[in-house]
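Participant: pasted the sequence and its predicted model underneath.
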Amino acid sequence: MKEGISHKMLSMLCVFTAWTCIGIGGESRVFAVEKNIYQEIKTFNEVLNVVERHYVEKVDPQTLIQGAIDGMMKSLDPHSAFMTADVYQELEVDTKGSFGGIGTEITILKDVLTVVAPIEDTPAFHAGIKAGDQIIRIDGKSTKDINIIEAVKKLRGPKDTKVTLTIMRENAAKPLEFTITRTIINIRSVRSKVYDDHIGYIRVSSFQERTGDDLKNAVIDMNAKAKPLKGLILDLRNNPGGLLTQAVEVSDAFMTSGLIVSTKGRQKSSETKFSARDDGYEPACPIIVLVNEGTASASEIVSGALQDNRRGIVLGAKTFGKGSVQTVIPLEDGTALKLTTAKYYTPRGRSIQAEGIVPDIVIKQANNAIDKDTPGQVIREKDLEGHIKKEQTKEREDQPKKELDDLQSDNQLKSAIDILKSWEIFKKVSFSDVDTPSTNRNKMQSKNSTVK
């Protein structure tokens, strides 16, 4: 969550009553309510009535009902939530990539408000906030029992206002305190450059409304600058995800055909398949995808699509493992539910829920890397309380057997560049004239034979 809700997939209308549900995709279905459900609703009403009448202090019934709804959503999984009207509006702003705040991706881990990753080039990033940092106080007030929505409200605010975070960090002797000045976070989700005139580099930090278009423009621009483009690196490290539609567009930018991702849920309307199209500008050069523990959700969709279609080599560390789809369902009063409605599957039918994408070449980030983007304490989907358990699906037959290590700053990027350079060198080498045991044997047989 990017100081807000970071995974908006679809917007649909859903109105709930005790008997009838206007379902996803517009289908109307009547569900038979079992007798025990009636009894539970009756018990809820009794508890609400008793608390409202006899609690030591007067309590707003709306507050009690809100607490009950929050508890219900929390019992599902870490990514489902009830959103008030103002938080729902923030969601709309969030996907457009502009909001007031400090720039952190947060979650609740073991009942503690925890940083998943700082967002690049934001106040939190430059202040030194790291993945795995536990936020124990905000402006001096404890975050014990805080929920994500409350944390979002406290972290966000007008430009030039300050917020003080008290942080517990792994291996730190005492809590650390950071006073950070908020700013307007305009997230530039796509950055690109060219190395050595021939190797393109594209960094995608999140998946927002314009990410697909921005990436396509970056590819076209690099093709024009390179002389020619002989290799491309797609950097998805510490990318927390975002819009499913944009993950599909980014994958499609590198593929001319093949399945990108499929989704499956309880409702028929949740079952979808997305395939690539040949748009005529896809780069034909080798591609290496950089991933790490902070690569999650939509960025795992892209990694899995390129890996399963053998369109790119995935390099780095095992990814976060968020393989579920959240649907935003507006309610009549302006509030909304962010509800997990499906799981997504890679082209080969793999579910990476609580499992992650295993790179083709495993290279851990060097311990002495100076990049602030390097994770501190590693957090993955399987560490989140109440996460959906992983499925037993068919494993890839070509899992990596070798783990490499290089003690240099951003050794993962350097390794990717070296591989692409080697790729070009090997293309120039001819193996047709190399003597092998079989060719030597053939030569001897030819020499010893006579013409009859």
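Facilitator: Cool, got the structure. In this text, all values refer to a predicted model and were calculated from it rather than measured experimentally.

Participant: model confidence for the spatially most central residue of the chain, exactly?
Facilitator: Central residue of the chain (C-alpha atoms, centre = their mean): residue 296, 2.5 Å from the mean position. Looking at residue 296, its pLDDT reads 92.

Participant: for it, helix, strand, or coil?
Facilitator: coil (DSSP: H, G, I helix; E, B strand; the rest coil).

Participant: surely it and residue 319 touch.
Facilitator: Yes - Residue 296 is in contact with residue 319 according to C-beta atoms under 8 Å; the separation is 6.7 Å. For glycine as for every other residue, the C-beta is placed from the backbone atoms N, C-alpha and C.

Participant: output the below-cut-off pLDDT ranges for this protein.
Facilitator: Low-confidence segments of the chain (pLDDT under 70): 1-35, 93-97, 367-383, 385-387, 392-408, 430-452.

Participant: you'd agree residue 219 is in a strand?
Facilitator: No - applying three-state DSSP, one finds residue 219 to be helix, outside a strand.

Participant: show me what contacts it?
Facilitator: Residue 219 makes contact with 200, 202, 232, 253, 281, 283, according to C-beta atoms under 8 Å, 6 or more residues apart in numbering.

Participant: ok, residue 417 next?
Facilitator: 195-196, 199, 233.

Participant: got the residues you listed as JSON lines, with secondary structure, neighbour count and distance to residue 69 columns?
Facilitator: Shown next, in JSON lines, are these (DSSP: H, G, I helix; E, B strand; the rest coil; neighbours: other C-beta atoms under 10 Å; distance: C-beta to C-beta, whole Å):
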{"residue": "195", "secondary structure": "strand", "neighbour count": "16", "distance to residue 69": "51"}
{"residue": "196", "secondary structure": "coil", "neighbour count": "11", "distance to residue 69": "56"}
{"residue": "199", "secondary structure": "strand", "neighbour count": "24", "distance to residue 69": "51"}
{"residue": "233", "secondary structure": "strand", "neighbour count": "25", "distance to residue 69": "45"}
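
Participant: how about the residues you listed, which pair is most distant?
Facilitator: Farthest-apart pair in these is 196 and 233; separation 11.8 Å (C-beta to C-beta).

Participant: how about the residue nearest to the centre of the chain: what's its closest non-neighbour residue?
Facilitator: Among residues not flanking residue 296 along the chain, residue 320 sits closest, at 3.6 Å (C-beta to C-beta, 6 or more residues apart in numbering).

Participant: now do the domain split for the protein, please.
Facilitator: Using automatic domain parsing, the domain ranges for the chain come out as 35-75, 98-186, 190-428.

Participant: export those to CSV and append columns for distance to residue 89.
Facilitator: Formatted as CSV, the domains of the chain follow (distance: least, C-beta to C-beta, whole Å):
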stretch, distance to residue 89
domain 35-75, 18
domain 98-186, 11
domain 190-428, 9
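
Participant: just say which of these is most tucked in.
Facilitator: Sort the domains of the chain by mean neighbour count, taking mean count of other C-beta atoms under 10 Å, and domain 190-428 sits at the top with a mean of 19.

Participant: chain center to it: distance?
Facilitator: Computed by C-alpha atoms, centre = their mean, to the nearest Å, the chain-centroid distance of domain 190-428 equals 9 Å.

Participant: for it, measure first residue to last.
Facilitator: In domain 190-428, first residue to last residue: 33 Å (C-alpha to C-alpha, to the nearest Å).

Participant: which one among the contacts of residue 219 gets closest to residue 82?
Facilitator: residue 253 (35.5 Å).

Participant: pretty sure residue 298 is touching residue 243, no?
Facilitator: Yes - using C-beta under 8 Å, residue 298 is in contact with residue 243, at 6.6 Å.

Participant: just the helices in the stretch 251-400 of the chain please.
Facilitator: 298-308 (DSSP state H, counting those that start in this stretch).

Participant: please apply the same query to the stretch 101-250 of the chain.
Facilitator: Using DSSP H, counting those that start in this stretch, helices in the stretch 101-250 of the chain cover 123-127, 148-155, 211-225, 244-252.

Participant: using JSON lines, lay out those together with distance to residue 415.
Facilitator: Formatted as JSON lines, the helices of the stretch 101-250 of the chain follow (distance: least, C-beta to C-beta, whole Å):
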{"stretch": "helix 123-127", "distance to residue 415": "24"}
{"stretch": "helix 148-155", "distance to residue 415": "35"}
{"stretch": "helix 211-225", "distance to residue 415": "20"}
{"stretch": "helix 244-252", "distance to residue 415": "22"}
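
Participant: of all these, which one is nearest residue 167?
Facilitator: Ranking the helices of the stretch 101-250 of the chain by proximity to residue 167 (C-beta to C-beta) places helix 123-127 first, at 10.1 Å.

Participant: let's see that closest one as CSV, backbone CA atoms only.
Facilitator: Once non-C-alpha atoms are left out, helix 123-127 reads as follows in CSV (Å, rounded to 0.1, in the frame of the first residue of the first chain):
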residue,chain,number,x,y,z
PRO,A,123,11.2,12.1,1.0
ALA,A,124,11.1,8.7,2.8
PHE,A,125,13.6,7.3,0.3
HIS,A,126,16.0,10.2,0.7
ALA,A,127,15.6,10.2,4.5
